[in-house]
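In: predicted model follows, preceded by the sequence.
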Amino acid sequence: MGWPTTAKATASFCEGFPGCFAFKKDRAVVREEPPVIYVVDDDPSVRKSLERLLRSAGYEVVTFASGAEFLNCPCRDVAGCLILDIEMPELNGLQLQERLSERDHPIPVIFITGYGTVAKSVQAMKAGALDFLQKPFDDADFLQVVSQAVAVSRQGRQSRLEKKELLARLKSLTPRERQVFERVVVGMLNKQIAFELGTAEKTVKVHRARVMEKMGAKSLSDLVRFGLVLGLGFPGKKTPSVPQPDG
């Protein structure tokens, strides 16, 4: 089964993303393609009707007759969601959701079923499903849920891309610069960092300026937010690096 052809449009990390982190003018850009909706249902008539409805709303759609078929065909790296029937032979919807969770697959899941029970809906929601719809459902309500799922997917994808960019910048820091970075983001003053690392305060200022430049931070608040994304120096996450001789 071939993937649908889509037009591409460029967009920066921060476009349409409230609270996006500040990057330098030469910041990376990501090509934003139209979202793709995946439909997994063993009933051909359901697949056809959902595909028609979703395409009428402007979405690209890819359908699958089974969970195994979906697992064997990797998703494109674009925003989207999975419309998943809960009652299917061999690999049912809940089992497919579990497989996706084991693979740390980020796609939002919307369950649809004509045989829904409270127990199954609770199980699906606890496992991370975005919604659980009972057939037959209203087209407008269904499209509203899909729109919400795509928004969740888009934000999650942007966050992952931003973290990947920040990790690349983090790797450009020297060991000493990283030590300074980790201490700055938890609120330590230059003189406190200098005392802990056994170096001069003016040396810390130089390292701090280099960290700001390499990380693309325009302000201290930017740097702190970057630290939050990277999990540096916060309780329950990575602790500051062990001091090393200045160099």
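Out: Okay, I see it.
In: C-alpha only now, for contacts and for neighbours.
Out: Will do.
In: report the rounded mean pLDDT for the strand or helix carrying Met212.
Out: Assessed by DSSP states H and E, Met212 sits inside helix 201-215. Per-residue pLDDT over helix 201-215 has a mean of 94.
In: and it, what's buried?
Out: Burial within helix 201-215, assessed by neighbour count using 16 or more other CA atoms under 10 Å, is assigned to Glu201, Val204, Lys205, His207, Arg208, Arg210, Val211, Met212, Lys214, Met215.
In: now for the chain, the helix or strand with the poorest mean pLDDT.
Out: Lowest on mean pLDDT, DSSP states H and E among the helices and strands of the chain sits strand 9-12, with a mean of 33.
In: quick one: the helices in the chain, in order.
Out: For the chain, the helices defined by DSSP state H cover 44-56, 67-71, 93-102, 118-126, 139-171, 175-184, 190-197, 201-215, 220-230.
In: could you single out the most deeply buried of these?
Out: Neighbour counts (mean count of other CA atoms under 10 Å) averaged over each of the helices of the chain peak at helix 175-184, with a mean of 22.
In: returning to what we had before: let's have the buried residues of helix 201-215 in TSV, adding distance to Val78.
Out: Output for the buried residues of helix 201-215, formatted as TSV (distance: CA to CA, whole Å):
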residue	distance to Val78
Glu201	46
Val204	41
Lys205	41
His207	38
Arg208	36
Arg210	34
Val211	32
Met212	31
Lys214	28
Met215	26
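In: go through those and name the one nearest Leu143.
Out: When the buried residues of helix 201-215 are ranked by distance to Leu143 (CA to CA), Met215 comes first, at 39.8 Å.
In: tell me who's in contact with that closest one.
Out: For Met215, the contact set (CA atoms under 8 Å, 6 or more residues apart in numbering) comprises Leu166, Arg169, Leu170, Leu223.
In: domain parsing for the protein?
Out: The record's domain parsing of the chain by automatic domain parsing lists 9-166, 173-230.
In: worst average pLDDT in the ones you listed?
Out: Among the domains of the chain, domain 9-166 scores lowest, at a mean of 80.
In: name the nearest residue to the residue nearest the centre of the chain, sequence neighbours excluded.
Out: Residue closest to the average C-alpha location in the chain (CA atoms, centre = their mean): Gly156, at 2.7 Å. Distance criterion CA to CA, 6 or more residues apart in numbering; nearest residue to Gly156, sequence neighbours excluded, is Pro106 at 7.8 Å.
In: with Val62 instead?
Out: For Val62, the spatially nearest residue (CA to CA, 6+ apart) is Tyr38, at 5.0 Å.
In: the one you found: what's it in contact with?
Out: By CA under 8 Å, 6+ apart, Tyr38 lies in contact with Val61, Val62, Thr63, Phe64, Gly80, Cys81, Leu82, Ile83.
In: could you measure from it over to Val206?
Out: Distance, Tyr38 to Val206, using CA to CA, to the nearest Å: 51 Å.
In: same deal with Ser147?
Out: Using CA to CA, Ser147 is found at 47 Å from Val206.
In: and Ala68, by the same measure?
Out: Distance of Ala68 to Val206, given as CA to CA: 55 Å.
In: can you tell me how far the nearest residue to Gln134 once chain neighbours are set aside is from Leu94?
Out: Using CA to CA, 6+ apart and skipping residues adjacent in sequence, the residue nearest Gln134 is Thr113, 5.3 Å away. Thr113 sits 11 Å away from Leu94, taking CA to CA as the criterion.
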